[in-house]
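In: only geometry, no sequence info:
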DNA sequence: CAGTATCCTCAATGATACTG
DNA sequence: CAGTATCATTGAGGATACTG
């Protein structure tokens, strides 16, 4: 029986303008989203911890990035009914996989930034 | 002699708001830049080939993305004085390293997009 | 072919103030 | 603490026309 049936888990195609994989990649590589993923790869963090660790991020943008990543199933949001209130953000299994790739890229950038700056001077 | 000298190639710090590594990461993960890198990992391409392969990109944004990546030393731009004119874009050694990480991420996204879409429905 | 120049629009981002 | 609401800004991005 040759496979003329459709695959159960169709692969995305980032070259297609209308493929939803575009939005997923955008969330993972967004300005603040990528940094959030890398920080959470280390350990779970509270909202205010994330604000302090990620230099320059506003609460608004952080909350927005967190919700996008939570919606995609990359991040777990746990609310504790204490006072003052506490919310902890951590990576799901899916999020850890994605974050590992993002982390590899961010590490590479941090190691090679001076090489890039030298290239810019010659440009 | 303990190292009280400064490192020759200081490491970037993406958590610092003013670190230039932020801009480098932005170029590599930008909407069109990331797709350009992955396409060029396959082989060198002409400008019009890139336009056709990357669905939805405008000439303006493609040119802008290419210049940013060229400026960072990731892409080599070769102009051939023929008629009609021909310009070929390829990855530098540095660009191949960066693109490999981006490619790993894009591949992961394409393979897992359906899982993400299911997570979104539950959200 | 491989772009650049110009105009235009809107969504992303930031600043500030406020709330449960 | 962990956000939301509102307003203001601006830069990304698209459409169109034009050029070497």
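Out: Arrived safely. These numbers come from a predicted model, not from an experiment.
In: rounded mean pLDDT for the lengthiest helix in chain A, please.
Out: Determined from DSSP state H, the single longest helix within chain A is helix A:93-122. Helix A:93-122 shows a mean pLDDT of 96.
In: packing partners of that helix?
Out: Packing partners of helix A:93-122 (3 or more C-beta pairs under 8 Å, 6 or more residues apart in numbering or on different chains; DSSP states H and E): helix A:21-29, helix A:33-42, helix B:21-29, helix B:93-122. For the C-beta atoms, the positions are set from N, CA and C on the backbone; glycine is no exception.
In: for the longest one, buried residues please.
Out: Buried residues in helix B:93-122, counting neighbours by 16 or more other C-beta atoms under 10 Å in any protein chain shown, are found at B:94-95, B:98-106, B:108-110, B:112-114, B:116-117, B:119.
In: got it, and the third one?
Out: Of the residues in helix B:21-29, those scored as buried under the neighbour-count criterion (16+ other C-beta under 10 Å) are B:21, B:22, B:23, B:24, B:25, B:26, B:27, B:28, B:29.
In: same check, this time on the second one
Out: Applying a neighbour-count criterion of 16+ other C-beta under 10 Å, the buried positions in helix A:33-42 are A:33, A:34, A:35, A:36, A:37, A:38, A:39, A:40, A:41.
In: is DNA strand C contacted by that helix?
Out: No. Counting by C-beta under 7 Å from any atom of the strand, DNA strand C has no neighbours in helix A:33-42; the shortest distance is 8.6 Å.
In: if we look at the next helix or strand after that helix, which residues are touching it?
Out: Downstream of helix A:33-42, the next assigned helix or strand under DSSP states H and E is strand A:45-46. Contacts made with strand A:45-46 from outside it, assessed by C-beta atoms under 8 Å, 6 or more residues apart in numbering or on different chains, are listed as A:39, A:53, A:86, A:87, A:88, A:89, A:90.
In: from memory the third one sits against residue A:80, does it?
Out: It stands for residue A:86. Yes. Between residue A:86 and residue A:80 there is a contact under C-beta atoms under 8 Å: 4.4 Å.
In: more neighbours: those two, which one.
Out: Higher neighbour count among residue A:86 and residue A:80: residue A:86, with 13 against 10, using other C-beta atoms under 10 Å in any protein chain shown.
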